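Undergrad: coords please:
(one chain, ligands or ions: 1)
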Amino acid sequence: MLNELPLFASSGPILLVELLLIYIGSLVVYRLLLHPLRNFPGDKLAALTEWHWDYHASEADYLERVHNKYGAVLPGPVARIGPNSLHFSDPKAYSEIYAVGSKFTKDPDYYAAFDEAESSFGLTDPVSAKVRRDVISPLFSRRAIMKLETVIQDNIDILISQIISQKDRPIDLYYAFRSTTLDIITSYCFAQSWSTLTYPFFQHPLLLGMEAALPIVWYLHAFPVLRWLLPLMEPLVARTNPNMKAFLQVRMRMESQIDELLKDPGLLDRADHEIVYHHLLTLQPSKGQHQIPSRTSLWHESINFIFAGSDTVAKATSMGTFHVLNNKRISAILIQELQQAWPDIDGKMGYEALEKLPYLTAVIKESLRISLGAVSPMPRIVGPSSAIIAGVNVPSGASVSICTSFLHHNENIFHDPMTFIPERWLEPNSRELDNYMVSFSRGPRSCIGINLAWCELYLIFGNIFRRLDMQLYETSVDDFRYKAYFQPIFTGRHLQALIKERNT
Ligand code: HEM
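TA: Below is the predicted model of the structure:
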């Protein structure tokens, strides 16, 4: 009887189900038994489907748990965390994956989730990415930052005056810093400040919308179709979730900025200073730019700057400020150093002068170390041939990464890694530690905004600790536990402080 059953039923829907089952069956066999990564240790479900990663991606300690489980299994300090993805735990892997001159490229499947495929962050083709970088990098060179330092200082002055005007109530310093960095990036890159600093309690709806948008990243990764559906669902989303509505408004606002500019390029001449569009909209064949970026590409780039350039600095300053205020000894040393170097409180102290202060520098480095920056993997595709990473032979085409926490929070590198100790950066061996500080990543895709970030960090830390008298309010270290959405979202209360103006 069995022999007489046909292999495929003839009716359409059943045939579809049969084909689907055959496809899934073949995928299972391929991924478990034939895939080039089949011999790497890791959960079977992780090897079978990307959804396993998407399910666990936001758990801050997920990768640590995976390595604790598979650390002793050969071939070494590596685990398979997706069908085509490996994650390393040995810090040596960092300099091999993110090496200067590396031919490894950004993993297109992973980075597509950010929905900025045509921005400097999202471009995965190395040639296009390099052209874009070469075109916009001059705006972020140290020289350019020094020239536009007043743009940054002016916004910090607004921050200080806004904080002082809200005396007698605790200030949400995370929102305050995020407003500062948003206004800095929108003034610096577009000469059109969003003026979020002057919004009541620093809670501008656009800022709240950007914060609410972060958690969608792993959904967009798991279900790529959402990237197409999201714009269609705008009216529904806007009605049901005010923060998502605000996020969609951020995207639309940037879209109209581009449209206005394309309609009237003369707007560029009216900008107060050089902005990112001066670079993007000027053909620069010497840098390999043979065409002006498309409207979509300009739009992606503008959204990229707003996200990449604001939350990162705000989270580092929030964590750093908390740790300084939480330790009387550290805050006393920092304030004393600032008072000595900057005796006239009504005067100004610029970036170059602040950079020379050793304790302030140590505080900033420690803030960057402990806050990590990007908290999720930044995967690269191995190629053009196979590579040895941390002593392990990895086939070409595999997606590889090692998260920053495996260096910054590694007790073999930084003793007592979860404690904020600026002094570690002042010890004789601190140059050695610099090799393991990778907040801005390394290699051809490292952070474009590093000089701007350093300048913001010096000016924000310098100004708030010199000009304000701050006391923590109902914030503890537990409030900085986070969920990982490439950038962290702290799960506790935001950093809050009672703040007065300092008079001397
Ligand atoms: C404390 C502050 C900052 C930290 C910790 C940080 C960290 C990083 C990291 C780790 C990357 C690599 C991402 C990856 O490989 O996927 C990156 C890339 C990038 N960052 Fe930053 N960043 C900061 C500030 C900024 C600022 C202020 C800007 C604004 C100009 C900026 C713009 C960018 C851009 C455009 C990229 C993409 C570069 C590429 O893929 O080639 N960042 N940043």
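
Undergrad: wait, residue 462 sits on residue 352?
TA: No - if you go by CB atoms under 8 Å, residue 462 and residue 352 don't touch, sitting 11.5 Å apart. Where C-beta positions appear, they are placed from N, C-alpha and C, glycine not excepted.

Undergrad: So those two - more neighbours on which side?
TA: Neighbour count, other CB atoms under 10 Å: between residue 462 and residue 352, residue 462 has more, with 26 against 11.

Undergrad: Which residues are in contact with that one?
TA: Under the criterion of CB atoms under 8 Å, 6 or more residues apart in numbering, the neighbours of residue 462 are 338, 342, 349, 354, 357, 360.

Undergrad: go with 6 Å
TA: residue 354 (CB atoms under 6 Å, 6 or more residues apart in numbering).

Undergrad: same check, this time on the one 10 residues further on
TA: Each residue near residue 472 by CB under 6 Å, 6+ apart is listed here: 325, 497.

Undergrad: now it: how far from residue 487?
TA: The gap separating residue 472 from residue 487 is 23 Å, by CB to CB, to the nearest Å.

Undergrad: Quick check: closest non-adjacent residue to residue 108.
TA: residue 124 (4.3 Å; CB to CB, 6 or more residues apart in numbering).

Undergrad: Wait, a strand at the one you found?
TA: No - secondary structure of residue 124 (DSSP: H, G, I helix; E, B strand; the rest coil): coil, not part of a strand.

Undergrad: Compute the number of surrounding residues for whichever residue of the stretch 351-500 of the chain sits closest to the ligand.
TA: Nearest to the ligand in the stretch 351-500 of the chain, going by CB to the nearest ligand atom, is residue 449, at a distance of 2.1 Å. Neighbourhood size, residue 449 [other CB under 10 Å]: 24.

Undergrad: that older thread, local confidence estimate at the residue nearest to residue 108?
TA: In this prediction, residue 124 carries a pLDDT score of 97.

Undergrad: OK, contacts around it?
TA: Counted by CB under 6 Å, 6+ apart, residue 124 has contacts 105, 106, 108, 111.

Undergrad: ok, which of the residues you listed also contact the ligand?
TA: Here nothing survives when the contacts of residue 124 are matched to the ligand using CB under 6 Å from any ligand atom.

Undergrad: Secondary structure element for the closest residue to the ligand within the stretch 151-300 of the chain, which one?
TA: Using CB to the nearest ligand atom, the closest approach of the stretch 151-300 of the chain to the ligand is made by residue 185 at 6.1 Å. Using DSSP states H and E, the element containing residue 185 is helix 173-190.

Undergrad: again with residue 93
TA: Residue 93 belongs to helix 92-97, assigned by DSSP H and E.

Undergrad: One more: residue 469?
TA: When the helices and strands are read off by DSSP H and E, the one containing residue 469 is strand 468-472.

Undergrad: What does the pLDDT read for the residue lying closest to residue 92 once chain neighbours are set aside?
TA: Using CB to CB, 6+ apart and skipping residues adjacent in sequence, the residue nearest residue 92 is residue 390, 4.8 Å away. Reported pLDDT at residue 390 in the predicted model: 95.

Undergrad: ok, now residue 5?
TA: Residue 5 is assigned 52 on the pLDDT scale.
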